[in-house]
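Trainee: let me see the structure of the following:
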Amino acid sequence: MRIDVRELELGPLTLSGKVGQADLNIDPAEILLLGKITVQLTAERQLQDVRVRGEFEVEVQLPCSRCLEPVRVPLVAKFDQFYESNAAHPLMGEISLQEKDTEIAFFSGDFIEVNDIVREQILLTLPMKPICREDCKGLCPHCGKSKNYETCDCDRLLVDPRLAELLKIKNRMSF
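Mentor: Presented below is the predicted three-dimensional model:
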């Protein structure tokens, strides 16, 4: 999906559609989109800027951060982004960023790629550490078995062999 900035001279533009995984350049091994993303947005010209507001929803599948089991996470996000043409900001040599530059995205030519907006918003909306359930026990660091389904006989205390002698001294001391 693309927004033709030239059409905004006539008035606000409303777009809706679906975006697939292949359009977003997201590795399905890391983030698997379960279905297409439904996107609705409105773009309008505001002086020199273009304001793009919209929302999307999709369900993604991520690995649990503790046990690596797949986790289904529904994502619903609203976005409000301002764009400015690169023609207004020639990028030659060193430039210093102003505070307003951190709030504005830039586009080249006459089109703004909606897929770029959606990709960015998906990555911002993802949970930092998705877990399959609150009481997930994770994987054993020695043998790799899932502690949710089976127990292992691995030592509970992991000691770096270089520090084993210090642990012996510590165990002999009383505080």
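
Trainee: the protein: strands as residue ranges?
Mentor: For the chain, the strands defined by DSSP state E cover 2-4, 13-19, 32-33, 37-46, 49-63, 70-85, 104-107, 111-113.

Trainee: point to the residue nearest the middle of this structure.
Mentor: Centroid check for the chain by C-alpha atoms, centre = their mean gives residue 123 as the closest residue, at 1.5 Å.

Trainee: any idea how far residue 97 is from it?
Mentor: Look at residue 123 and residue 97: by C-beta to C-beta, to the nearest Å, they are 21 Å apart. Yep, even glycine has a C-beta here, placed from its N, CA and C like the rest.

Trainee: try residue 105
Mentor: Using C-beta to C-beta, residue 105 is found at 13 Å from residue 97.

Trainee: who's more crowded, these two?
Mentor: Using other C-beta atoms under 10 Å as the criterion, residue 105 and residue 97 rank with residue 105 on top: 16 against 7.

Trainee: show me what that one bridges to in the sheet.
Mentor: Assessed by DSSP bridges, residue 105 has beta-bridge partners residue 83.

Trainee: where in this protein is pLDDT low?
Mentor: Within the chain, the segments meeting pLDDT under 70 span 87-93, 100-102, 155-158, 175.

Trainee: next up, the contacts around residue 53.
Mentor: 41-43, 78-81 (C-beta atoms under 8 Å, 6 or more residues apart in numbering).

Trainee: ditto for residue 45
Mentor: 5, 8-9, 51.

Trainee: before I go, just wanted to say thanks for your time.
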